[in-house]
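**Student:** Provide a 3D model corresponding to the input given below.
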Amino acid sequence: MQLAPFNPTEPAALESTLQMLQLDESDIFLDIGCGDGRVLVAAAERGAVRYCVGIENDAELASRARRRASSLNSRACRRIFVLEGDALLHTERLLAGVHRTDGIPAPTAVFVYLLPAGLRAVEPLLRRLVAGRGAGSDGGKDGGDDLGEISTRGVKESNRKENRGIRSDDGDGDGDGDGDRDPNRSYGNADRPAGRVVSYMFSMPRDLGWVPIEKRLGKGNCPIYLYDERSLHKTGDFS
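**Tutor:** Here you go, the predicted model:
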């Protein structure tokens, strides 16, 4: 399902997005419909993010995203995964914890630049994220459904082929580029809402109870909206 045509995020909006999400080393950043990967790369370049995951349905754009990632140093490049295929299916797997077997934890911060119909399509999944109902303590551990049959190993292999130097040795002896980071440890600001969503240009559906907690204007007065768990219980007018 195509959620939106490719339309690059302009630099000022990209900068505002990263500021509003307040990414830190505890975060797994997800760009649904990542296009040529410019938002992923910008987030990875900041360094204060655990992983950056992009989902792109268009094979050529996914390839361009991987090539863009390869321009980074190997340590930053190692943080980026590009998943090619259906955005709804991949997002569902990420939230369910299915991709954890391939080294990708559930997302904590999401960027969407989608048409209103696309936002409605992903709304139930993003609601789970901001409401804290993503991968739970047993999320995806049994792998018993057909989602678990489709692995990201091929995606990771494509990353390795297209992003020369994506593997880095961080000195901890495992060659994973993560240093001595404990994958089971929680990093970052515990007081900040765990699930955050930024939507560029179009707001999440107000009739479904989404109220932004912050709104900024980008170039040409194009709006940028921030949502978290408070958005589903808030009243106000940020339209």
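**Student:** quick check: next helix or strand after the helix-or-strand element of the chain with minimal mean pLDDT?
**Tutor:** The helix or strand of the chain with the lowest confidence, counting by mean pLDDT, DSSP states H and E, is helix 153-162 at a mean of 42. Elements were assigned by DSSP states H and E; along the chain past helix 153-162, the next helix or strand is strand 196-200.
**Student:** residues contacting the closest residue to Gly209 other than its chain neighbours?
**Tutor:** Of all residues not flanking Gly209 in the chain, Leu232 sits nearest, at 5.5 Å (C-beta to C-beta, 6 or more residues apart in numbering). Any C-beta I mention is one placed from the backbone N, CA and C, and that applies to glycine too. Residues in contact with Leu232 (C-beta atoms under 8 Å, 6 or more residues apart in numbering) are 127, 130-131, 209-211.
**Student:** one more: Pro205?
**Tutor:** Pro205 touches 116, 119-120, 123, counting by C-beta under 8 Å, 6+ apart.
**Student:** buried among these? Need that as a selection in PyMOL.
**Tutor:** Selection command for PyMOL covering only the buried members of the contacts of Pro205, criterion 16 or more other C-beta atoms under 10 Å:
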select buried, resi 119
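**Student:** among the contacts of Pro205, which lie within strands?
**Tutor:** Judged by DSSP state E, strands contain none of the contacts of Pro205.
**Student:** show me which of the contacts of Pro205 is closest to Pro8.
**Tutor:** Distance to Pro8, by C-beta to C-beta, is smallest for Leu119 among the contacts of Pro205, at 18.4 Å.
**Student:** quick one, grab the pLDDT at the closest one.
**Tutor:** The score at Leu119 is 95. That number is its pLDDT.
**Student:** correct me, but it touches Tyr113?
**Tutor:** No - counting by C-beta atoms under 8 Å, Leu119 does not reach Tyr113; the two are 9.8 Å apart.
**Student:** give me the common contacts of those two.
**Tutor:** Common neighbours of Leu119 and Tyr113 (C-beta under 8 Å, 6+ apart) are Ser199.
**Student:** for the top helix by length along the chain, packing partners?
**Tutor:** Longest helix of the chain, by residue count under DSSP state H: helix 116-130. Contact analysis of helix 116-130 by 3 or more C-beta pairs under 8 Å, 6 or more residues apart in numbering; DSSP states H and E lists helix 87-96, strand 109-112, strand 196-200 as its packing neighbours.
**Student:** buried ones in it?
**Tutor:** Neighbour-count burial for helix 116-130 flags 118-119, 121-122, 125-130 (criterion: 16+ other C-beta under 10 Å).
**Student:** tell me which of those residues is nearest to Ser199?
**Tutor:** Nearest to Ser199 among the buried residues of helix 116-130 is Leu119, at 6.6 Å by C-beta to C-beta.
**Student:** still on that earlier bit, which one of the contacts of Pro205 is nearest to Leu23?
**Tutor:** When the contacts of Pro205 are compared against Leu23 (criterion: C-beta to C-beta), the nearest one is Leu119, at 21.4 Å.
**Student:** so how far is Ser70 from the closest one?
**Tutor:** Look at Leu119 and Ser70: by C-beta to C-beta, to the nearest Å, they are 31 Å apart.
**Student:** just Ala76 next, same as before
**Tutor:** Distance, Ala76 to Ser70, using C-beta to C-beta: 10 Å.
**Student:** more neighbours: these two, which one.
**Tutor:** Neighbour count, other C-beta atoms under 10 Å: between Ala76 and Ser70, Ala76 has more, with 21 against 18.
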